[in-house]
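Colleague: Sequence and predicted structure below; questions after.
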Amino acid sequence: MANQPLRVGVVGVGFGATVHVPAFQSEGWEVRAISSRREDRVKKAAADLGVADAMTDWRALVARDDLDAVAVSTPPAAHLEIVSTALNAGKHVLCEKPFALSAAEAASMAALAKERGLTAMVAHEFRHAPQRAQVRELLDQGAIGTPQVVSAELLLGRAAPDAPPPVTWGSRAAEGGGFLGALGSHYIDGLRHWFGDVATVSGTLKTLRPERLARESGQVVLADTDDTFSFTLTFKNGVVATMVASSAVAPSQGVRITVAGSDGMLVATQRGANPEPDGVVLLGKSTDRALAPVEMPARFRPFEDDRDPRLVSFRLLVRDFEAGIRGGRSPSPNFEDGLKCQQVLDAVRESSGTGRTVTIA
């Protein structure tokens, strides 16, 4: 294996076709097969991407003996079964976020990966976004002293349409939908990457625009998932982080993350849902009157890839996945990180339902 390209099969052709397959191919992997329930869709994706085998049965893909790894890019309701089957078949796994429907599911997958001794990672590629990686380095270097307070604002949306958007899995809680899981999970993982483990959680979930259009009937139905959330996390090291987010406001305002410390402040902004490869970090010391851009080290952006703004960070994640397989380990963000993120997601939901602050064990 040391000198041979690694071989992967990809389950799911939404984000899987847009990012997973191009990223693996660009990093020298052989994408042997992709699968999706809809035959017409998976055949088109395979033809467009130059993948030899298009399959409608993910079980048959996982059972192949010509794969080293499986990338799971499906809605989260399917993750437990697909990931467990892949691990039991001896395949390394890269699983999309949100990792699971619950911490119990996440714990089951993490335990199985450990038992099988396989490389198992969660696709929180935002850790590798140049701007986010630079923030981590500046924090580690003590650029703002001791981190103390964090605020994050994520306000996205479009002008109210004439007709409701169509129903998708993201509209259904039973399938793991909701804005908290879709993007909130990335921010929780990112905050954990910067500040360590979470001690307490409080939060609120709201649905501001629940109307959806059922494709089959043409009737308006109501989503049972959140499109708006807020939370406060207290970390074991004392940092307090608050976040407010919505996908149902207009005009869209993008993202602003502020990290305040004992000797200064860091600010990172972005225009849309995903951090841009050319994102800038602003820094101000406690003696400064204003923030100023910090030069971005080239190592955080070692190449360009303009096909999709997520491909730079995702390709860097794939490099870690490969290094883990070849080195017999599971680099972060691994399934243990996925479990800890899921515990926080569950705690936000519990707090929203009870009005109480939840302690993470």
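Modeller: All right, it came through fine.
Colleague: which SS state does residue 255 fall under?
Modeller: strand (DSSP: H, G, I helix; E, B strand; the rest coil).
Colleague: I'd like to know how far it sits from residue 294.
Modeller: 18 Å (CB to CB, to the nearest Å). Just so you know, the C-beta spots here come from the backbone N, C-alpha and C atoms, and that holds for glycine as well.
Colleague: which of the two has more neighbours?
Modeller: The neighbour comparison of residue 255 against residue 294 (other CB atoms under 10 Å) goes to residue 255, with 21 against 17.
Colleague: Any idea how many residues pack against residue 334?
Modeller: Residue 334, neighbours per other CB under 10 Å, totals 21.
Colleague: where does it land on pLDDT?
Modeller: Residue 334 is assigned a pLDDT of 98 by the prediction.
Colleague: Quick check: closest non-adjacent residue to it.
Modeller: residue 121 (5.3 Å; CB to CB, 6 or more residues apart in numbering).
Colleague: What about that neighbour, how many residues nearby?
Modeller: Neighbours of residue 121 under the rule other CB under 10 Å: 26.
Colleague: now that we're looking at it, which residues does it contact?
Modeller: Counting by CB atoms under 8 Å, 6 or more residues apart in numbering, residue 121 touches 93-95, 317, 320-321, 324, 330-335.
Colleague: For the residue nearest to residue 293 when sequence neighbours are not counted, the count of nearby residues, please.
Modeller: Distances taken as CB to CB, 6+ apart place residue 280 nearest to residue 293, at 5.1 Å, with adjacent residues excluded. Neighbourhood size, residue 280 [other CB under 10 Å]: 16.
Colleague: tell me the contacts of residue 280?
Modeller: So residue 280 contacts 131, 268-269, 293-294, 296 (CB under 8 Å, 6+ apart).
Colleague: top of the residues you listed by neighbour count?
Modeller: These, ranked by neighbours (other CB under 10 Å): first place residue 131, 23 neighbours.
Colleague: I'd guessed it sits against residue 275; true?
Modeller: Yes - using CB atoms under 8 Å, residue 131 is in contact with residue 275, at 5.4 Å.
Colleague: and for these two, which residues touch both?
Modeller: With CB under 8 Å, 6+ apart as the test, residue 131 and residue 275 both reach residue 268.
Colleague: In strands only, show me the contacts of residue 121.
Modeller: 93-95 (DSSP state E).
Colleague: got a markdown table for the residues you listed, with pLDDT, distance to residue 209 and neighbour count too?
Modeller: Formatted as a markdown table, the ones in strands among the contacts of residue 121 follow (pLDDT from 0 to 100; distance: CB to CB, whole Å; neighbours: other CB atoms under 10 Å):
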| residue | pLDDT | distance to residue 209 | neighbour count |
| --- | --- | --- | --- |
| 93 | 99 | 35 | 28 |
| 94 | 99 | 33 | 29 |
| 95 | 98 | 29 | 28 |
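Colleague: List the buried residues of stretch 260-275.
Modeller: By 16 or more other CB atoms under 10 Å, the buried positions in stretch 260-275 come out as 260-261, 264-270, 273-275.
Colleague: Residue 273: what's it in contact with?
Modeller: Neighbours of residue 273 in contact, by CB under 8 Å, 6+ apart: 154, 156, 183, 255.
Colleague: Skip the chain neighbours and tell me the closest residue to residue 17.
Modeller: residue 45 (4.4 Å).
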